[in-house]
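**Student:** This is the structure alone, sequence omitted:
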């Protein structure tokens, strides 16, 4: 997920909004694909790189196929809008992928996400990690996966049985296995990069 502050778009940002006002808001700028609400301020998401997009589709497909094979009621959702528990009336964040087992709906928010996934680029590192800390406040979330778009590497945060989060993420590198306990999924990390320039050690 890549973000651009509204000021960078050459537009005067609107007054700070509540979540309800944000959902009712008509941005006017159709060149922006999505907006987040961060502490009451609308923030535009800029276009993703090819590697980012390829990873998002590949990971989503792998997870979807896994869930289908298991016959699970869970679903993978792209750009899954979520609301953190902390300052919930002023925040709406959009991870690259989310998994939920709740029934489909027409809502702008994904109900009870179990797993949230972000694809990290050098240009969005600060913003992405700020979102990740917000995700840890969502009670239903048990795992957060951060996948690098520039090297074969991932970081995994897994909630402890007592509800606490680890102080540091688990780092996963080339040749290692990625295990997502929230959905019973395991795969070689390298497989996520099949359609990127990093495939085959490139």
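**Tutor:** Right, received. Where do you want to start? Remember, predicted model here, so these are calculated numbers, not experimental data. Numbering: from 1, shown residues only.

**Student:** Please make it C-alpha for all contacts and neighbour counts, starting now.
**Tutor:** Noted.

**Student:** next SSE after the helix or strand bottoming out on mean pLDDT in the chain?
**Tutor:** Within the chain, no helix or strand scores below strand 3-5, which has a mean of 46 by mean pLDDT, DSSP states H and E. Proceeding N to C from strand 3-5, the next assigned helix or strand is helix 19-24, under DSSP states H and E.

**Student:** Could you check that following helix and say which residues are buried?
**Tutor:** 19, 22 (16 or more other Cα atoms under 10 Å).

**Student:** any idea of the mean pLDDT for that helix?
**Tutor:** Helix 19-24 shows a mean pLDDT of 83.

**Student:** which residues are contacting that helix?
**Tutor:** 37, 40, 42, 88-92 (Cα atoms under 8 Å, 6 or more residues apart in numbering).

**Student:** counting contacts, what elements does the helix or strand encompassing residue 52 pack onto?
**Tutor:** Using DSSP H and E, residue 52 sits in helix 50-70. On a contact count with 3 or more Cα pairs under 8 Å, 6 or more residues apart in numbering; DSSP states H and E, helix 50-70 meets strand 75-78, strand 113-120.

**Student:** Check the ones you listed for me and report the most buried one.
**Tutor:** Comparing these by mean neighbour count (mean count of other Cα atoms under 10 Å), strand 113-120 ranks first with a mean of 24.

**Student:** which other residues reach it?
**Tutor:** Contact with strand 113-120 is made by 1, 52, 55-56, 95-101, 128, 135, 140-149, 182, as judged by Cα under 8 Å, 6+ apart.

**Student:** Just the buried ones from these, in ChimeraX syntax?
**Tutor:** Buried residues among the contacts of strand 113-120 (16+ other Cα under 10 Å), as a ChimeraX selection:
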select :1,52,55,56,95,96,97,98,99,100,101,128,135,141,142,143,144,145,146,147,148,149
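
**Student:** From the opening residue of stretch 90-106 to its closing one, how far?
**Tutor:** Separation of the first and last residues of stretch 90-106 by Cα to Cα, to the nearest Å is 21 Å.
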